[in-house]
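Asker: Need a 3D model of the sequence below.
(chains A, B and C)
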Amino acid sequence: MSRFSALSLLRGAISGHKNVEPQWPNSELKSEYDVVIIGAGGHGLGAAYYLAKEHGVTNTAVIDKGWLGGGNTGRNTTIIRSNYLYDESARLYDHAVDLWDGLSQELNYNVMFSQRGVMMLAHNVHDVQSFKRHIHSNRLNGVDNVWLSPEQAKAKCPPLNISSTARYPVMGAAFQQRAGTARHDAVAWGYARAAAARGVDIVQNCPVVRISRGADGAVNGVETARGFVKAKKVAVSAAGGTSVIMDTAGVRLPLESYPLQALVSEPVKPVCPGVVMSNTVHAYISQSDKGELVIGSGTDQYVSYSQRGGLPLIEHTLAAICEVFPSFRRMRMLRKWGGVVDVTPDRSPILGKTPVGGLYLNCGWGTGGFKATPGSAHVFAHTIAKDEPHPINAPFTLSRFETGRLIDEAAAAAVAH
Amino acid sequence: MLLIRCPYCAETLPELEFEYSGEAHIARPQNPSDEPDDQWKDYLFIRSNVRGEHAEQWRHTHGCGRYFNALRNTVSDKFITTYPMGETRPDINCAGEEKNEQLAR
Amino acid sequence: MNNWRVKGKGRINTNKTVSFTFDGTAYKGYEGDTVASALLANGVHLMGRSFKYHRPRGPVTAGSEEPNALIGTSRAGQGQFEPNTKATTQEIYQGLITTSQNKWPSLNFDIGEINDRLYRLFAAGFYYKTFMWPKSFWDKLYEPVIRATAGLGKAPSHDDPDTYASRYLHTDLLIVGAGPAGLAAALTAMKSGADVVLVDENPELGGSLLFENATTLNDQACDEWLAKAVAELAAAPNVRVLTRATAIGYYHENMVGVAEKLTDHLTRVPDGAPRERMWRIRAKEVILAQGAIERPLVFGNNDRPGVLMASAAQTYLNRFGVKVGDCAAVVTTHDSAWFAAFDLADAGVKIPVIVDLRQDASQDLQRGAAERGIAVRLGHTVATVKGRKRASGITICEVNAGSQSDAVSSIACDTVLMSGGWTPSLHLFSHTKGSLIWDEENEVFLPGEKTERCHIAGAGRGLWGQQQAFDDGKHAALEALSALGQSATPNAVNVRGDRTGTGVVMEELPGAGGGSAPRAFVDFQNDVCAKDIRLAVREGMRSIEHVKRFTTTGMATDQGKLSNMNGLKIAAKQLECPVPAVGLTTFRPPYTPTTFGSFAGYHKGELFEVTRKTNIDSWAEENAAVFESVSLWRRARYFPKVGEDMDAAVLRECRQTRASVGMFDASTLGKIEVVGPDAAEFMNRIYTNPWSKLAPGRCRYGLMLGEDGFIRDDGVIGRISQDRFHVTTTTGGAARVLTMMEHFLQTEWPELDVWLTSTTEQWSTIALNGPNARKVLEPFVTDADLSAEAFPHMALKECLVAGFEARVFRVSFTGELGFEVNVPAEHGRALWELLHEEGQKHGLCVYGTEAMHVMRAEKGYIIVGQETDGTVTPADAGLTWAIGKKKPDFVGKRSLSRPDMLQADRKQLIGLLTEDPNTVLEEGAQIVEVGDTAIPAKMLGHVTSSYWSSALNRSIALALVEGGHHRDGGAVDIPMPGKTHRANVTGTVFYDPEGERLNM
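Answerer: Just a heads-up that it's a prediction; the model follows:
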């Protein structure tokens, strides 16, 4: 596969892009693989890439029921950060940030990882305590995160309302400079292209119907819409669809799938330099390179696979945005979409082995999956190749729900006194 | 915004009056202390999360305040039926049609 | 002025002139004009610049699908600017200020147009392949430059002074779109008993009748019939008509969001009038009559100002009385453009040629052209448009078996009208996840399986011409009425002179393809050309979603209304597969871009979320309290005297309380009344503590866990009588606790005879704490003995306090002698003032939550949510004493014996005393082993609470630390930026460990 470069682009321009080749072939499904990965999102494609690159496993198929990158990879608000409280989470997400930094060069594909910073707003005394705890923990974990006064926060994001008479005044903010955003589609495409270049088959529009287990209980393949495929190892990276497919292998999970909505505004000239998040007001916003304000909404309250989502949630989300940024009231919503997020009881992912031999699981990222993509894919590949977890994902077991060793990031911020 | 029929109030009302309360028919063990760890985990955390007909609890929080069960299709989000707490999960093949009609009224 | 105005044409009010400005130049139009029609009337076509190449652009449509003519609009005065407004829908009003966008230094001379010269470098997806070297340049150079050049208009920079409204509306039948189909549906439904709502995005009803008005309807002129129909609907008591109202989204169970514009067309806005109103319309039946959108043709330089949709030219003529040019060439694959040409010709516009890609056209059309002296070129195609800021001519050639012939001829013109046929508008139907079916013959997507109670009428079903639309609208209404159990006798509308037409669907026009040929645009605003789409396919983008995301086609502010079908056809051809196999991108709400303000509605400022206030709050406000927000409540944090900061005020409040007496408004604490024969049993199951033996008239600290074994809430609970408990919860936890109680009661233990009632807002709660607390309270209590013997610590009494029926708890959250007096909420402030006055004899001070926090920390009392975070067990918090050891079960008990809950290295609550007594640790600071300076550090835990203690005259802290209960007497380090603090581990009770002061 040819390399992308400024020169190749120039050559293409001169020739009228005559020698363009597909970024990944439209692979046919073979009858047997060493590894079948279910789900061609960033996590699944990335795992295939690292399996090939770092573990020499290239006889791999990544199979998706739709088009690659069409699930949560292509539906999220692209926020990347690692300022998590607990050591386990901080290491996992920071591993991802380390890999994000340089991913464009690694993949020879500009994923537009942009470290314009993430600012998390504190609106009450409890928020202040909670964010200070995060900041101190991050500092000692080697993760950058600093405290900003309201004025410092406004200097970083001028449209921010820091009036002390606001319903939820800004009392300060935690700010991670290394955090930011990336171009979500490019992440899926970049991994797909790089994995395909190393021999990985990417099979789209091919639903996996069932995970098959042999007499010894271990997996021996998958039944797909295009027939049975033998596989020594099967890795599930199917986000919202995980419960359904894992059920076919007889593994029941502590997961629920909820509809999550997001929206963008019409494009405008730069107005919001970094990412701003307010957990208390429920406002999450950044501005894409194209100029659209990218806004995350919440999950509807009920389990659903409809990707539809209701109006009240959007109304609340935009009311929250207008509270934090009153000048955005005359901005317009351009489009809104829905995704399905799989959520665990402790809001942390499950990333590792399962009780079934040869079956590996990567799920439960809730609303946080995109930011972890390279880190998750990297340690997941290690887990699949070695049949044992990488030290970074070792705590994210399925068994923690039995022993009680939860990694509860949400609880740490959610309880009010 | 969904429309939900409260089986106690016998009215079909907007979702804003209701709170979702998780999967239905997961009974708390009679004697939790006798449960092995893995079964206690099942009660606490394991959910069927089905794509299709899902039995779930709702509460008519801003109405009668009572909990009830519902069968809902998680792909279309359509309610198939709702029924009072304590009743067994209805066989939707016979109940669906009729209850759907009720929902419409 | 208005040299392009055609006398006798149009629906504008030529008696009323309106002035407005565009880029600082004043223009005049008439009432009823849009910005686009008024500028066109003044001969102005150049209204904007495209996104990527900064190409000069003029309006291509006359409606809400406009991708090019986007402008900034504002009123004089601050904060009423908005970007990206469509000139084609913005009505002019006296004083309207408009500006062009995405240009520098001026619209006429835009430096950014250099991109247009370099277009070969900027092929689809080019940015994924470059800007990677050197790595550091991305953040510092490439991306900032990309961001600065991207975006269209400028974001508003001031707070929006306008208000936005919202309403719910329930109706039997909602009709979306008031063209012939929607009108026929409404006129039919009007005659039933059904309640009908008709919405249309335009200022007036009529839809295509506003521009396709040469027909005769029931022997009346089209305009005349329309006026009568509108009047009839307006007069009908069962019909509500909303204009300037766009159905933006179709949600679950037939709820349609309708965004109505109320003031953006008014010169003078009435005081307080909302700018927009969001209707959430819940309809039993919905008829979607959204019509169809004319499709552009894809040929070289098809984006030049002066190139318009044929129907747009017809609209400017027939609705606004404006001719879009003096000499308009027509290029089409559909009959409808011929009719547009005829209308323009009849109004005096020269039509030099009609170029039709088809080899044949009907005799009627050809005769019509001949009568008007219009040259016709069948089987011809347009290669390119000449002119840059305004079309000046076209080159045409024969379509020879689909390829370009050599014989190219040029035709001069100042305007080009194009039509590629019509795309049914199925956006709202698509929101419902209804399926779309590809109609192979007509090459359009049509509605398939429905998921909601809706009916599609007219052009949305691929039915062309007015007669079919009227008939289908009527039919849809009858269907909907029948579903509603209603009926009506409809009046037929008979159309004479109907211009039904047919056409073919093209991809890119032949002759526009070659490598050096001018670019042929598919998505105008985003500058996506046909060759970009073909390139995307060659790069392996096989799904339309990939093509869309790779090229950005269909992602502009028109959301693909003009570009989707052309893009799809070009991709399908390149892939050599049928259109449905490439797919159709999902239409997503809103139908047209909708302001954040109209979604937010009334939820602004004070109304964003309610602020809960106690009955005593007003006193605190009058007495200069500084407040903090705790969940939805606002609470007085401290009461500074003149010159005091928080530290000084808190110091004084603590001192005075411990020295004499302090008073605190505790009304925000959650309160739940648990009543019934099985109340004690219920409490046994919900709380960790035993309740059976608690005597009436006594209280106990209650601890509540989640089923996972972690602390969820706590509070003092009093047993009022054998079957009645007065439960208190944390301020933020009240609703959660009640919900959890109800959930267990109703779903797990329905056999228990218990009622639960939230009483939080029924009681005002005043806490008196300090050695003199009894002295302050006693004078107001005549029917009870408050002495230490008769009313010991953890007792409660129902008695009169100052004549108010009260529940008095002898409890303390400060470690001092304490009373919590609960009186009916409305008497809170009255009692507060009486106690305050009485308290002055004893030096009573009023204290806020901050002093409360300090004093409880001095006593080692936890605050759920501060000492705990959802991962803390009773043992971790040192609260095993609160667990009823003999109880077989309570919520959360089983989880406490899971393996991880028994680990010795769990984080446990301890006290910390810094080696330097003057150092007050920061709450949230992390703790490590003494001497550990590694990064990443092995963190042992964190400081949960930390204060200056006036009682101890030093700092104190509480912390959760790994294996903390075994560290008593040891030391830990707290590394802070620049300095590491050392602290000794102690018990959690710093003050009066024997609790003597409680029992005074």
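
Asker: Output stretch C:141-153 in PDB, but only the C-alpha positions, please.
Answerer: The C-alpha coordinates for stretch C:141-153 follow below in PDB (Å, rounded to 0.1, in the frame of the first residue of the first chain):
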ATOM      1  CA  LEU C 141       0.100  25.500  12.500                       C
ATOM      2  CA  TYR C 142      -2.100  23.300  10.300                       C
ATOM      3  CA  GLU C 143      -5.100  22.900  12.600                       C
ATOM      4  CA  PRO C 144      -5.300  26.600  13.600                       C
ATOM      5  CA  VAL C 145      -5.200  27.600  10.000                       C
ATOM      6  CA  ILE C 146      -7.800  25.000   9.000                       C
ATOM      7  CA  ARG C 147     -10.100  26.100  11.800                       C
ATOM      8  CA  ALA C 148      -9.800  29.700  10.900                       C
ATOM      9  CA  THR C 149     -10.700  29.100   7.300                       C
ATOM     10  CA  ALA C 150     -13.500  26.700   8.200                       C
ATOM     11  CA  GLY C 151     -16.900  27.700   9.500                       C
ATOM     12  CA  LEU C 152     -19.400  29.900   7.600                       C
ATOM     13  CA  GLY C 153     -20.700  32.900   9.600                       C
END
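
Asker: roughly how far out does that stretch sit from the chain middle?
Answerer: Computed by C-alpha atoms, centre = their mean, to the nearest Å, the chain-centroid distance of stretch C:141-153 equals 25 Å.

Asker: ok, now stretch B:12-26?
Answerer: Centroid separation for stretch B:12-26 versus its chain: 7 Å, with C-alpha atoms, centre = their mean.

Asker: was I right about residue A:189 contacting residue A:23?
Answerer: Yes. Under the criterion of C-beta atoms under 8 Å, residue A:189 makes contact with residue A:23 at 6.2 Å. C-betas here are computed from N, CA, C, even on glycine.

Asker: so who does the nearest residue to residue A:400 once chain neighbours are set aside touch?
Answerer: Spatially, and ignoring its direct neighbours in sequence, residue A:400 is nearest to residue A:406 (5.9 Å; C-beta to C-beta, 6 or more residues apart in numbering or on different chains). Contact analysis of residue A:406 by C-beta atoms under 8 Å, 6 or more residues apart in numbering or on different chains lists A:345, A:346, A:348, A:400, C:708, C:871.

Asker: Next: residue C:465.
Answerer: C:495, C:498, C:499, C:500, C:501.

Asker: Residue A:175 versus the spatially most central residue of chain A, what's the distance?
Answerer: Compute the mean C-alpha point of chain A, and by C-alpha atoms, centre = their mean the closest residue is residue A:370, 1.3 Å away. The gap separating residue A:370 from residue A:175 is 20 Å, by C-beta to C-beta, to the nearest Å.

Asker: cool, residue C:251 as well?
Answerer: Applying C-beta to C-beta, the value for residue C:251 to residue A:175 is 37 Å.

Asker: Over to residue A:281?
Answerer: According to C-beta to C-beta, residue A:281 stands 17 Å off from residue A:175.

Asker: again, but for residue C:26
Answerer: Counting by C-beta to C-beta, the gap from residue C:26 to residue A:175 is 47 Å.

Asker: of these two, who's got more company?
Answerer: Set side by side, residue C:26 and residue A:175 show more neighbours around residue A:175, with 23 against 9, by other C-beta atoms under 10 Å in any protein chain shown.

Asker: What is the distance between the helix or strand encompassing that one and the centre of its chain?
Answerer: Under DSSP states H and E, the secondary-structure element containing residue A:175 is strand A:172-176. Distance, stretch centre to chain centre, for strand A:172-176: 22 Å (C-alpha atoms, centre = their mean).

Asker: Partner strands of it and their direction?
Answerer: strand A:118-122 (antiparallel), strand A:146-148 (antiparallel) (DSSP bridges).

Asker: State the phi and psi torsions of whatever residue of the stretch 151-300 of chain A ends up closest to chain C.
Answerer: Per C-beta to the nearest C-beta, residue A:291 is where the stretch 151-300 of chain A lies closest to chain C, at 2.9 Å. Per-residue torsions, residue A:291: phi 110, psi 0 (degrees, to the nearest 10).

Asker: so what's the residue nearest to the centre of chain A up against?
Answerer: A:42, A:72, A:73, A:76, A:77, A:78, A:79, A:80, A:182, A:184, A:187.

Asker: and the helix or strand harbouring the last one, does that touch chain C?
Answerer: Same thing as residue A:187. In this assignment (DSSP H and E), residue A:187 forms part of helix A:184-197. Yes. Helix A:184-197 reaches chain C (C-beta under 8 Å from any C-beta of the partner chain) through A:185, A:186, A:189, A:190.

Asker: Counting neighbours, which of those residues comes out on top?
Answerer: Within these, residue A:189 tops the neighbour count with 29 neighbours, counted by other C-beta under 10 Å.
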